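Colleague: Sequence first, predicted model second:
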Amino acid sequence: MPRPILATVHTAALRHNLDRARRSAVDARVWAVVKANAYGHGIERVFEGLRGADGFALLDLAEAERVRALGWRGPVLLLEGVFDARDLELCSRLDLWHSVHCDEQIDMLAAHKTLKPQRVFLKMNSGMNRLGFSPERFGSAWTRLNALPQVDEISLMTHFSDADGPRGIEHQLEVFERATRDLPGERSIANSAATLRHAPRTRGDWVRPGIVLYGSAPDFPEHDAAHWQLQPTMSLSTRLISVQTLKAGDTIGYGSRFAADGPLTIGIAAVGYADGYPRHCDTGTPVLVNGVRTRMVGRVSMDMITVDLTPVPDAAFGAEVTLWGRSALTGAVLPIDEVAQAAGTVGYELMCAVAPRVPFAPADE
Ligand SMILES: *Cc1c(COP(=O)(O)O)cnc(C)c1O
């Protein structure tokens, strides 16, 4: 038998979350953002649940090829555009749309020999200060692109730094709207947080939700997934492989960081940081055992964690342990955002960090 750890992707939940994003962006088309191997879920595993999207947006050309290999003939957008002039050949061959965020990418296009003009998304740096042309230079970049025979339609995009927080989007939205006022073309500005929190102002022609498709709240802890009616799309589960009975003063694990203050039964679960379960989780991190909520105690080891069995006294060797997502036993949900918070990070990172050694079950409904 392999170790009992297992990740499961929930197709129906992906479909539900996509629909939820759509309801916040009525009349806009939806890019399902599937970068980073669909936020760690696996592009092939999420495809069925997300094929109702209008297009797939990602970064990596190899991932774009995988989307085409699945038979997807609709739009595919490279969110960071090409990294090298040779990438443009693949864009032609696979009919990929790509973002253009810097002069070097325009140079590559101008030098590219193609029979078929390419659809591009011209990106503005409206305040995030990562990728994109400044508002002052945006118009001239557009003019230059528009003059190229290699370029077909030009859409306009930008990305918000604070759609999930108190600073909000107004400062960037205003910059973007002012600098694009006289330009034609479709607009795409909203990520998940902007789609849910700032609709309809951020809707544009295309929204770009990522994290909400995977059932994590974009603005946790201000709002949780239940608030936004999102369902978990990934469950990480394992089993107890041992039970220990402690008396007052006994300690657990490396560094003896946890000492029992009275009699305590603990379970040893087969998951550790080598599976992608964050080592920053410490005593108190929520865990489900047989669908019952309890807490981790002591440190995360490479291959094991220890959990307090007080609320589930009959849990024994083989009991189901849910690290995040849904208990297959009871349907109880442990939001990934709560585990991420305990580790001082965000749900995105946990999903993306599930280790290669963790097997995935066939995607369920
Ligand atoms: C990753 C990404 C998104 C999706 O962001 P979420 O916060 O996951 O919704 C949207 N747009 C761009 C340009 C991105 O890189």
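Modeller: Yep, it's here. The shown structure was predicted, so the numbers you read here are calculated from the model rather than taken from an experiment. Numbering: from 1, shown residues only.
Colleague: contacts, neighbours, all on C-alpha from now
Modeller: Fine.
Colleague: Show me which residues of this protein sit near the ligand.
Modeller: For the chain, the residues in contact with the ligand (CA under 6 Å from any ligand atom) are V33, L79, H159, N191, S192, R208, P209, G210, I211.
Colleague: now, which of these lie within helices?
Modeller: S192 (DSSP state H).
Colleague: Among the residues of the chain next to the ligand, which lie within strands?
Modeller: V33 (DSSP state E).
Colleague: Would you mind giving the residues of the chain next to the ligand as a markdown table with distance to P4 and neighbour count added?
Modeller: Formatted as a markdown table, the residues of the chain next to the ligand follow (distance: CA to CA, whole Å; neighbours: other CA atoms under 10 Å):
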| residue | distance to P4 | neighbour count |
| --- | --- | --- |
| V33 | 30 | 28 |
| L79 | 37 | 22 |
| H159 | 41 | 26 |
| N191 | 36 | 26 |
| S192 | 33 | 24 |
| R208 | 36 | 25 |
| P209 | 33 | 26 |
| G210 | 29 | 25 |
| I211 | 27 | 22 |
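Colleague: Now pLDDT too, for the residues of the chain next to the ligand, in JSON lines please.
Modeller: Below are the residues of the chain next to the ligand laid out as JSON lines (pLDDT from 0 to 100):
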{"residue": "V33", "pLDDT": "98"}
{"residue": "L79", "pLDDT": "98"}
{"residue": "H159", "pLDDT": "97"}
{"residue": "N191", "pLDDT": "97"}
{"residue": "S192", "pLDDT": "97"}
{"residue": "R208", "pLDDT": "98"}
{"residue": "P209", "pLDDT": "98"}
{"residue": "G210", "pLDDT": "98"}
{"residue": "I211", "pLDDT": "98"}
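Colleague: Smallest gap between the stretch 251-365 of the chain and the ligand, at which residue?
Modeller: Y348 (7.6 Å; CA to the nearest ligand atom).
Colleague: what's the neighbour count on that residue?
Modeller: 19 (other CA atoms under 10 Å).
Colleague: Double-check that it belongs to a helix.
Modeller: Yes: with DSSP: H, G, I helix; E, B strand; the rest coil as the criterion, Y348 is located in a helix.
Colleague: Please tell me the pLDDT value assigned to it.
Modeller: Reading off the confidence values, Y348 has pLDDT 98.
Colleague: shouldn't it be in contact with V212?
Modeller: No: Y348 is not in contact with V212 according to CA atoms under 8 Å; the separation is 10.1 Å.
Colleague: what residues are up against T330?
Modeller: Applying CA atoms under 8 Å, 6 or more residues apart in numbering, we find T330 in contact with N290, G291.
Colleague: hmm, 10 Å instead?
Modeller: N290, G291, V292 (CA atoms under 10 Å, 6 or more residues apart in numbering).
Colleague: Let me see the contact set for the last one.
Modeller: Going back to what we said before, that points to V292. Taking CA under 10 Å, 6+ apart as the test, what V292 contacts is 309, 311-312, 315, 320-322, 327, 329-330, 332-334.
Colleague: swap in P2?
Modeller: P359.
Colleague: tell me the SS of it?
Modeller: coil.
Colleague: where's it relative to R137, distance?
Modeller: Here the criterion is CA to CA, to the nearest Å. By it, P2 lies 57 Å from R137.
Colleague: And the residues of the chain next to the ligand, which is closest to F258?
Modeller: I211 (34.2 Å; CA to CA).
Colleague: which parts of stretch 259-267 are buried?
Modeller: A259, L264, T265, I266, G267 (16 or more other CA atoms under 10 Å).
Colleague: Perfect, I'm done here.
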